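> Give me a 3D structure for the following:
(2 chains)
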Amino acid sequence: MAKLWAIIKREYLERVRSKWFLIATFLGPLFFAAIIIVPAWLASRSRATTEVYNITILDATGTNFGQRLAVAIAGDTTDKKKIPAVRNLPPAELTQAESLATRDVMHKGKVGYLVVDQRTVAGEAAHYAGRNASSIPDMSQLRNALRETILAQRLETIGIDNSRTKQLTFIPLDFSTERITERGRGGSGVASVIFGFAIGFLLYMTIIIYGQTIMSSVIEEKTSRVAEVVMSSVPTDTLLAGKVLGVGAVGLTQQILWVATTYVLLKLRAPIMAKFGAPPMTFGLPEISMGAAILFLLFFVLGFIFYSALYAAVGSAVNSEQEARQAATPLMIMIVFAGVFIQPVLLNPTGTIAQVLSLLPITSPIIMPIRMAVTGVPPLEMTGSIVLLIVGCLAALWLASRIYRVGLLMYGKRPTMKEMARWVSYAR
Amino acid sequence: MTEYAIDIVDVTKRFAEHTAVRNLTLRVPTGSVYGLLGPNGAGKTTTIRMILNIIAPDSGKIHIFGRPSSDTKITERLGYLPEERGLYRKMQVRRVLKFLAELKGVRGREAEKRIDEWLVRLSLKTPEKDWGLAKIDELSRGMQQKVQFIGTLLHDPDLVILDEPFSGLDPINAQALKDTVVDLKKRGKTVIFSTHLMDNAERLCDSVCIIARGEKVLDGAVTEVKEEHGQRNIALALEGDGAHGVASILRDNSLVRRADDSNRFFEIEMAPGADPQALLRRIVESGASVQRFEMIQPSLHQIFLQKVGAQGIEEGMTGHG
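Residues are numbered from 1 along each chain as shown, chains lettered A, B, ... in the order given. Sure, this is the predicted structure:
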């Protein structure tokens, strides 16, 4: 036990002391902050840009439709600059005016031009051409303004006066969404998806980073031949266990620091967002119960043990980092396979794919926590997933310890899969 | 104290393609310096790894100080210096040593105290410079070897196992190692080392075991082994360049069974029934100026060549070192 502790201590302290750990630990939250703030900032950008005002309206209706449309596009602003320019012209001159306006856009004078005519007043068609034609928010603002103006025109023709039409057509709707799970209502839909993604991504990254850390650590011990000295003092199983636990503790330390600082950053999010010029948004963090937190931790620990044991086995079988990169490909494929399904599972957390993947030990450490974040998981599935993952861990440890103790003493050419299979059958 | 530090009985270890050690039985008396001799690939390292319980034998029994080698308490009484040496390169010297000490059950202040003593003793810690605070990486190769010795001996083991300890050592460290071995023996410790350098073994060892192709060829106390191989050997040293004329005499199979030619010095094994006096007469008649002609015990090197034969040489035996 004391020897296991000595190994854990060495693995832990040597890593926590390293510059790399400090850098990653402090850059991590910045990275997560970026993940949280950038989407919100992009969302705020999804209001129409100022470009939408910088257009010309070619009005061939012979009425003041264009003028009213310009006011509608500008919305409630009083800024003169934000009201698009209007040119009234007879329908016959439209073709020539359009080609002039096109040239103007090409020479970066205006962003685009909007053509309105009798068919527009009738509510049938309007035409826009411009550099921002692919901007969804810009186009939807133009569409809304057109609808609003047409509607106002129609209301006027049935005798409703100007001031009333403004009242009638003004609908400042705030559309909020909320998630309902088997356990009832909780958090906003967007928040839980972001939370689920963050959890999945965090586990995914940690397993890859620390799995490879263990692999490198094993390779270092093997190539520097320290392994033999250590093996003469402790059983290989103890060495393997000490490595997995020591490096795992480093990963856990880092995650705790990350989660804590990210939480603080989230609390400070509103002021930060304000600095970016984004309007305050309500963003309720999903409430995490103690039980859920313990389950997250359990999946992290088990998933980590599963993959790091296999990474250690690969590290012991090869002779250099270069060889390791190749030899670890199957493991990488397993993890990336789980990573690829993060999004589909987020979108459909109760589907068959999600159910199956959250039972398989190679994917469940990443997929199950995501499901837990975005939906309720039936206790039976949860139990099954944990039991299968524990079985998977034991199998991985058994396999790894057998490859490990033979591999560490084998130098020379990289073993084939067949040779490694034979190692497993060696007594010791 | 049991009589034998190591008691190996009928041990066999097979790997996929070959048998590394076959039916090996050997006993290392407590308090002796024991040499495990053999060409590369003879099974020395495999034997040592089995003694250290790094790998387990397929059959047979190994006892260390009367306890099974798998007894975890026993490992704390063993010190091991592997053939290929290396340490955690990015780690501070003191921390590496502390870690190695902890693995052997020496902890805390006691470990710190011993580390200090050893660092001073091997002049890695002087009033001007404390290399203990440097990283392994920053040390010269010779200093790294010193650190590795310290790691092997820090827990004051009763049985020290050195695998090819002289390979890659500079002369100063090699001498330090020899002194250490002598010192350990004086303090009643048992030292076992493997080597293919017979000169070192002959000077240091009380007993030896020669193995080749996984099997024991012979073992016993060095003096006994030499006596068993009789006084049929002759040391011949010539003055000037008389060697030329002598060469043809030494090729005479009725007189000489084997001659080890070191230019001015020859170790000659007489043919069965041949008379050494006849050989001396022939040499004198050839006109060579004899500086030394002495009946000697065969050197371990000669015995080794005789027992293991050319095969040993092919497998990488390098002879004198």
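
> hang on, B:Leu124 packs against B:Met143?
Yes - checked against Cβ atoms under 8 Å, the pair B:Leu124 and B:Met143 is within contact range at 6.3 Å. In short, each C-beta sits where N, CA and C put it, glycine included.

> what do the two both touch?
B:Trp131 (Cβ atoms under 8 Å, 6 or more residues apart in numbering or on different chains).

> What segments of chain B are strands?
B:4-14, B:19-29, B:33-37, B:59-64, B:67-68, B:78-81, B:159-163, B:190-195, B:207-212, B:215-221, B:233-239, B:256-261, B:265-270, B:289-296 (DSSP state E).

> just so I know, which of these lies nearest chain A?
strand B:78-81 (4.2 Å; Cβ to the nearest Cβ).

> Show me the residue sitting in the middle of chain A in space.
The centre of chain A sits closest to A:Phe197, judged by Cα atoms, centre = their mean, with a distance of 5.1 Å.

> if I look at it, how far off is A:Phe300?
16 Å (Cβ to Cβ, to the nearest Å).

> How about B:Asp183?
From B:Asp183 to A:Phe300 the distance is 52 Å (Cβ to Cβ).

> Count the residues that sit near A:Leu168.
By other Cβ atoms under 10 Å in any protein chain shown, 12 other residues sit near A:Leu168.

> which residues touch it?
A:155, A:160.

> ok so it is a helix residue?
Yes - per DSSP: H, G, I helix; E, B strand; the rest coil, A:Leu168 lies within a helix segment.

> buried residues in stretch B:164-183?
B:164-166, B:169, B:173-174, B:176-178, B:180-181 (16 or more other Cβ atoms under 10 Å in any protein chain shown).

> now these in TSV, with distance to A:Gly376?
TSV is the format used below for the buried residues of stretch B:164-183 (distance: Cβ to Cβ, whole Å):
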residue	distance to A:Gly376
B:Glu164	64
B:Pro165	65
B:Phe166	69
B:Leu169	67
B:Asn173	68
B:Ala174	71
B:Ala176	70
B:Leu177	68
B:Lys178	73
B:Thr180	68
B:Val181	70
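
> pLDDT-wise, what's the bottom of these?
Minimum pLDDT across the buried residues of stretch B:164-183 is recorded for B:Leu169, with 80.

> hang on, isn't that residue packed against B:Gln145?
Yes - between B:Leu169 and B:Gln145 a contact is recorded at 6.4 Å, counting by Cβ under 8 Å.

> Point to the helix or strand of the chain where mean pLDDT is at its lowest.
Unless you meant another one, I'm taking chain A. Using mean pLDDT, DSSP states H and E, strand A:184-185 stands out as the lowest-scoring helix or strand of chain A, at a mean of 54.

> wait, chain B
helix B:300-314 (a mean of 69).

> that older thread, run through the residues that contact the residue nearest to the centre of chain A.
A:342-343, A:346, A:370.

> From those, keep the buried residues only.
If we count by 16+ other Cβ under 10 Å, the contacts of A:Phe197 have these buried: A:342, A:346, A:370.

> closest to chain B among these?
Once Cβ to the nearest Cβ is applied, the member of those that ends up nearest chain B is A:Ile342, at 34.6 Å.

> Find the nearest non-adjacent residue to the closest one, please.
A:Gly200 (4.4 Å; Cβ to Cβ, 6 or more residues apart in numbering or on different chains).

> Can you report how many residues lie near that neighbour?
As a measure of burial, A:Gly200 has 25 neighbours, counting by other Cβ under 10 Å.

> just checking, next helix/strand downstream of the host helix or strand of it?
For A:Gly200, the host element (DSSP states H and E) is helix A:189-223. Using DSSP H and E, the helix or strand that follows helix A:189-223 in sequence is helix A:226-231.

> and that following helix, C-alpha only, in PDB?
What follows is helix A:226-231 as a C-alpha-only set of coordinates in PDB (Å, rounded to 0.1, in the frame of the first residue of the first chain):
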ATOM      1  CA  VAL A 226      13.600   2.900 -15.000                       C
ATOM      2  CA  ALA A 227      10.700   0.400 -15.400                       C
ATOM      3  CA  GLU A 228      13.000  -2.400 -14.600                       C
ATOM      4  CA  VAL A 229      14.200  -0.900 -11.300                       C
ATOM      5  CA  VAL A 230      10.700  -0.100 -10.300                       C
ATOM      6  CA  MET A 231       9.500  -3.600 -11.200                       C
END
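
> does any part of it sit near chain B?
Yes - residues of helix A:226-231 contacting chain B under Cβ under 8 Å from any Cβ of the partner chain: A:226, A:228-231.

> Kindly report the same for stretch A:242-254.
No - residues of stretch A:242-254 contacting chain B under Cβ under 8 Å from any Cβ: none, with a closest distance of 10.2 Å.

> Residues contacting that stretch, please?
By Cβ under 8 Å, 6+ apart, stretch A:242-254 touches A:3-12, A:15-16, A:21, A:24-25, A:28, A:206, A:209-210, A:213-214, A:217-218, A:234, A:300-301, A:304-305, A:308-309, A:312.

> go on, stretch B:292-307?
B:37, B:198-199, B:201-202, B:208, B:210, B:212, B:217-218, B:222, B:225-227, B:229-237, B:258, B:260, B:267, B:269, B:276, B:280, B:283, B:312-313, B:317, B:319-320.

> What are the buried residues along it?
B:293, B:296-305.

> first to last residue in that stretch, what's the distance?
27 Å (Cα to Cα, to the nearest Å).

> bridging residues for B:Ile210?
On the basis of DSSP bridges, B:Ile210 is bridged to B:Leu37, B:Leu218.

> Show me how far stretch B:226-244 is from its chain's centre.
25 Å (Cα atoms, centre = their mean, to the nearest Å).

> Just the local confidence number for residue 35, please.
No chain in the question, so chain A it is. 66.

> you looked at the wrong chain, it should be chain B
92.

> go on, the one 5 residues further on?
Reading off the per-residue confidence, B:Asn40 sits at a pLDDT of 79.

> before we move on, back to that, could you list which of the buried residues of stretch B:164-183 belong to helices?
B:173-174, B:176-178, B:180-181 (DSSP state H).

> How many neighbouring residues does residue 13 have?
Looking at chain A here, since you left the chain open. A:Leu13, neighbours per other Cβ under 10 Å, totals 15.

> not quite, I wanted chain B
21.

> quick one: it and B:Ile51 touch, right?
No - in this structure, B:Lys13 is not within contact of B:Ile51 by Cβ under 8 Å, at 11.5 Å.

> So chain B: which segments form each domain?
B:4-77+B:157-226, B:231-296 (automatic domain parsing).

> Please read the previous query as pertaining to chain A.
A:2-43+A:179-425, A:50-169.

> which of these is buried the deepest?
domain A:2-43+A:179-425 (a mean of 18; mean count of other Cβ atoms under 10 Å in any protein chain shown).

> First-to-last residue distance for that one?
Terminal-residue distance, domain A:2-43+A:179-425 (Cα to Cα): 30 Å.

> so who does A:Ile386 touch?
Counting by Cβ under 8 Å, 6+ apart, A:Ile386 has contacts A:298-299, A:302.

> Which members of the residues you listed are positioned in helices?
A:298-299, A:302.

> Next, format those residues as CSV and append pLDDT.
Putting the ones in helices among the contacts of A:Ile386 into CSV (pLDDT from 0 to 100) gives the following:
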residue, pLDDT
A:Leu298, 89
A:Phe299, 89
A:Leu302, 91
